[in-house]
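Trainee: what would the 3D arrangement of this be:
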Amino acid sequence: MKEQKIWRDFDALPPELQQQVADFISFLRTRYAPSQPSKAAKRTRLAKEPFIGMWRNRDDMRDSTAWVRNTRERE
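Mentor: As a prediction, this is how the structure comes out:
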């Protein structure tokens, strides 16, 4: 019954106002549509990233805090 009244009211409007109603409905549908899950990149485990362990065999990097401190002092 409620839908019939809405349709009657809509049909009673002049064409330009009907277009405004249709545009507003489109806006509401876009704004309040359920969000689609984004196609995010597949997550990989951090341990599998190629940069993990890249300085493993460097003797100067055994103590990274000291390395950073020395590098900053030299600059």
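Trainee: in the chain, spot the helix with the most residues.
Mentor: Longest helix in the chain by number of residues, with DSSP state H as the criterion: helix 15-31.
Trainee: which elements pack onto that one?
Mentor: Helices and strands in packing contact with helix 15-31 are not found; criterion 3 or more CB pairs under 8 Å, 6 or more residues apart in numbering; DSSP states H and E. All C-beta spots, glycine's among them, are computed from the backbone N, C-alpha and C.
Trainee: now do it: distance to the chain's middle.
Mentor: 27 Å (CA atoms, centre = their mean, to the nearest Å).
Trainee: in it, what's buried?
Mentor: Of the residues in helix 15-31, none count as buried by neighbour count, 16 or more other CB atoms under 10 Å.
Trainee: could you number the chain from 45 rather than 1 from now on?
Mentor: Shifting the count to begin at 45 puts that one at helix 59-75.
Trainee: could I have that helix exported to PDB, CA atoms only?
Mentor: What follows is helix 59-75, C-alpha atoms only, in PDB (Å, rounded to 0.1, in the frame of the first residue of the first chain):
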ATOM      1  CA  PRO A  59       8.700  15.200 -15.700                       C
ATOM      2  CA  GLU A  60      11.500  17.500 -14.500                       C
ATOM      3  CA  LEU A  61      10.700  16.800 -10.900                       C
ATOM      4  CA  GLN A  62      10.400  13.000 -11.600                       C
ATOM      5  CA  GLN A  63      14.000  13.200 -13.000                       C
ATOM      6  CA  GLN A  64      15.200  14.900  -9.800                       C
ATOM      7  CA  VAL A  65      13.600  12.200  -7.700                       C
ATOM      8  CA  ALA A  66      15.200   9.500 -10.000                       C
ATOM      9  CA  ASP A  67      18.600  11.300  -9.600                       C
ATOM     10  CA  PHE A  68      18.200  11.500  -5.900                       C
ATOM     11  CA  ILE A  69      17.400   7.800  -5.700                       C
ATOM     12  CA  SER A  70      20.500   7.000  -7.700                       C
ATOM     13  CA  PHE A  71      22.600   9.100  -5.400                       C
ATOM     14  CA  LEU A  72      21.200   7.400  -2.300                       C
ATOM     15  CA  ARG A  73      21.800   3.900  -3.800                       C
ATOM     16  CA  THR A  74      25.400   4.900  -4.600                       C
ATOM     17  CA  ARG A  75      26.100   6.400  -1.300                       C
END
